[in-house]
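Q: give me the fold of what follows.
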Amino acid sequence: MLAFTTAVLVGACGAGSSASSAPSPSPSAKSAEPAASTSAPVSFAGAWQGDLVDPSGSYPIRLALDGCATDGAVCGELEYGDPGGADNVLCASELTRTGIEDGVLALDEHLVYHPWQCFESEFEVHFAADGSLEIEQGAGGEVCCRGSLERTGDTLPAPELPAAAPLEGLGAITASVALGGATTQYGAGADGSLWMPLEDTGQVARLDASTAEILALIDVGDPAAVPDLMSDPHGVAVADGGVWVSQAAEHAVARIDPATNAVAESIPVQVVPYALALDGPTLWVSSFLDDRVVRVDLESGSVVADIEVPKPTGIAVGFDAVWVVGHRDDKLVRIDPRKGKVVAEISLGERGTNDLCGMCVENVVVGKDAVWTANNEGRSVSRIDPGSNKVTATIDLPLRPWQVSAGSGSIWASQFDDSDGGGGGVARIDEATNEATSYPVAGALGVTWAGDALWVTVPSRRGDALARLAVGQ
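A: Have a look, this model is predicted:
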């Protein structure tokens, strides 16, 4: 989905400093005395959770250490939670031992997940008399936060996965996997593989379309280098032209070689690429930040058309046309691929309720006889006749659809609604009758038809998870 949130940096250590992952300490917060030094070494092995406290509030954290017996070795992991209460990881870091003295373990932090949301800092931990783990956070010798952590076990909690159980009337979840990052609506599947962009880790995940096993994580982007988007890569396209991925930080598109699971070539496009669509030897690229759609000739490796489209997001090819969502205008734009210009702008209905983007239309897919869009704030899916360039049906849905996908004679729409505590579902729309049926799938963010199965994206503690559904015909 297109995110309009601004990254919230977790903390600042002391006045005028930005070296910590959480702010300065509460005046009432008191650190317990370190455990008395003994001849026996202190074992820091296990997992703990609690809060880091500062004058502005507290931040939930989870900490896991493997014993930390050697200076200079990575020996732990720290997760910063959502202060609002949701069990989401805002950012995470590796911890390296820098020393130990009188039972106090010193650690350096290196951020490895969502680094733009936190600042790196230093920690000291020791055991209190009651067995809890006391923690101090700071930078340059200045303490900024303190907390007391309770032991929870030996490791951090595993990512939450959808249960492998039948969904009445829809099918059965046959496999699921945690991706380790957040994905988008723009994954693609072909030849036994599913390719999903991980927009917050700079990678593409390649999965086995039968088992959901992650076959490779391919480094392609740098989301921290795209401050207005914080998404890189955002789109993947797979067809006869190969496997292509957007490289936002590089202002390029890249081809992944499935034989090596590595980038084989990269083509500059002079815009920040968002979503992709393949049409034989041609790659179409939308650029939300640059208000452009560009056509890339893959044989020559060059941009051969540059078309102005305000705030384009989803893009698809079919019916001898290129279809592009005008995200903030409640429009679907039709481009003639031979002329390389806009030939129709199709209104998807009355202006939606969102002041910025109306119905916030994001995604488009080509079905058997029509083109379909997901109208987020409009809580609907639009059916567009490619012959007349008109909306012929608007299918109302109970929740906000993020994505549409086509497969098994149906149009599938994910329905996620974070306003009601994370409810959600999947809608199946019969292409012949426009009849829609909704099924409960908690937190459904996206749907992708690939490998004769429906893949549903749901949120997990650290990134997203995918569930593979064997859908009844």
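Q: hey, where'd the strands end up in the stretch 51-200 of the chain?
A: Using DSSP state E, counting those that start in this stretch, the strands assigned to the stretch 51-200 of the chain run over residues 57-67, 74-81, 89-101, 104-113, 122-127, 133-139, 142-153, 166-167, 171-178, 188-190, 193-198.
Q: flag every buried residue along the first one.
A: The neighbour-count check on strand 57-67 (16 or more other Cβ atoms under 10 Å) flags 58-66 as buried. C-beta coordinates here come from the backbone N, C-alpha and C atoms, glycine included.
Q: and the lowest mean pLDDT element among the helices and strands of this protein?
A: Using mean pLDDT, DSSP states H and E, the weakest-scoring helix or strand in the chain turns out to be strand 166-167, at a mean of 64.
Q: for Ala225, give me phi and psi.
A: Per-residue torsions, Ala225: phi -90, psi 0 (degrees, to the nearest 10).
Q: with adjacent residues omitted, what lies nearest to Gln185?
A: Gln403 (4.0 Å; Cβ to Cβ, 6 or more residues apart in numbering).
Q: pick the most buried one from the strands of the stretch 51-200 of the chain.
A: When the strands of the stretch 51-200 of the chain are scored by mean count of other Cβ atoms under 10 Å, the highest mean neighbour count falls to strand 193-198 (a mean of 26).
Q: helix or strand next in line after it, which one?
A: strand 203-208 (DSSP states H and E).
Q: rewinding a little: and the pLDDT for the residue nearest to Gln185?
A: Looking at Gln403, its pLDDT stands at 94.
Q: next, count neighbours for it.
A: 28 (other Cβ atoms under 10 Å).
Q: and it, what element?
A: strand 401-407.
Q: tell me what that strand is packed against?
A: Counting contacts by 3 or more Cβ pairs under 8 Å, 6 or more residues apart in numbering; DSSP states H and E, strand 401-407 packs against strand 361-366, strand 371-375, strand 380-385, strand 410-417, strand 446-450.
Q: quick one, the first one and strand 446-450 angle?
A: For strand 361-366 against strand 446-450, the angle by axes from the mean of the first three to the mean of the last three Cα atoms, to 10 degrees is 20 degrees.
Q: how does this structure divide into domains?
A: 44-153, 166-471 (automatic domain parsing).
Q: and these, which is most packed in?
A: domain 166-471 (a mean of 20).
Q: need the residue closest to the centroid of the chain.
A: Ala182 (2.0 Å; Cα atoms, centre = their mean).
Q: tell me the confidence at that one?
A: Confidence score, pLDDT, at Ala182: 92.
Q: separation between the nearest residue to Asp240 once chain neighbours are set aside and Asp102?
A: Spatial nearest neighbour of Asp240, chain neighbours left out: Gly280 (6.3 Å); criterion: Cβ to Cβ, 6+ apart. According to Cβ to Cβ, to the nearest Å, Gly280 stands 69 Å off from Asp102.
Q: over to Pro83?
A: 33 Å.
Q: please apply the same query to Leu207.
A: With distances taken as Cβ to Cβ, Leu207 is found 49 Å from Asp102.
Q: same check, this time on Ser266
A: For Ser266, the distance to Asp102 equals 53 Å [Cβ to Cβ].
Q: for Leu229, what are its contacts?
A: Contacts of Leu229 were listed using Cβ atoms under 8 Å, 6 or more residues apart in numbering, and they are 223, 248, 272, 288-289.
Q: mind putting the residues you listed in JSON lines, distance to Ser410 and secondary structure included?
A: Shown next, in JSON lines, are those (distance: Cβ to Cβ, whole Å; DSSP: H, G, I helix; E, B strand; the rest coil):
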{"residue": "Pro223", "distance to Ser410": "33", "secondary structure": "helix"}
{"residue": "Ala248", "distance to Ser410": "32", "secondary structure": "coil"}
{"residue": "Val272", "distance to Ser410": "33", "secondary structure": "coil"}
{"residue": "Phe288", "distance to Ser410": "28", "secondary structure": "coil"}
{"residue": "Leu289", "distance to Ser410": "33", "secondary structure": "coil"}
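Q: Asp54: which of those residues is nearest?
A: Pro223 (27.1 Å; Cβ to Cβ).
Q: pLDDT at the closest one, what is it?
A: Per-residue confidence (pLDDT) for Pro223: 93.
Q: repeat for Ala190
A: In this model, Ala190 carries a pLDDT of 89.
Q: what sits opposite it in the beta ladder?
A: Beta-bridge partners recorded for Ala190 (DSSP bridges): Ser193.
Q: ok, the residue nearest to the centre of the chain - contacts?
A: Counting by Cβ under 8 Å, 6+ apart, Ala182 makes contact with 198-200, 463-464.
Q: ok, now Ala190?
A: Counting by Cβ under 8 Å, 6+ apart, Ala190 touches 238-239, 243, 450.
Q: ok, Ile346 next?
A: With the criterion set at Cβ under 8 Å, 6+ apart, Ile346 makes contact with 331-334, 384, 389-391.
Q: how about CSV for the residues you listed, with pLDDT and secondary structure added?
A: Converted to CSV, these look like this (pLDDT from 0 to 100; DSSP: H, G, I helix; E, B strand; the rest coil):
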residue, pLDDT, secondary structure
Lys331, 96, strand
Leu332, 98, strand
Val333, 98, strand
Arg334, 98, strand
Ile384, 98, strand
Asn389, 98, coil
Lys390, 97, strand
Val391, 97, strand
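Q: looking at the residues you listed, which one is closest to Ala470?
A: The closest of the contacts of Ile346 to Ala470 turns out to be Ile384 (Cβ to Cβ; 30.0 Å).
Q: that closest one contacts Trp372, correct?
A: Yes. The pair formed by Ile384 and Trp372 meets the contact definition of Cβ atoms under 8 Å, at 7.2 Å.
Q: what about the stretch 101-250 of the chain, any weak spots by pLDDT?
A: Along the stretch 101-250 of the chain, the parts satisfying pLDDT under 70 run over 163-167.
Q: ok, back up a step: which of the helices and strands packed on strand 401-407 sits closest to Val177?
A: Comparing the helices and strands packed on strand 401-407 by Cβ to Cβ, strand 446-450 comes nearest, at 13.4 Å.
Q: can you list contacts of the next helix or strand after that closest one?
A: Using DSSP H and E, the helix or strand that directly follows strand 446-450 along the chain is strand 453-459. With contacts defined as Cβ under 8 Å, 6+ apart, strand 453-459 is touched by 88, 162, 171, 174, 183, 187, 189, 194, 209, 405, 407-408, 412, 414, 422, 424, 426, 441-449, 464-471.
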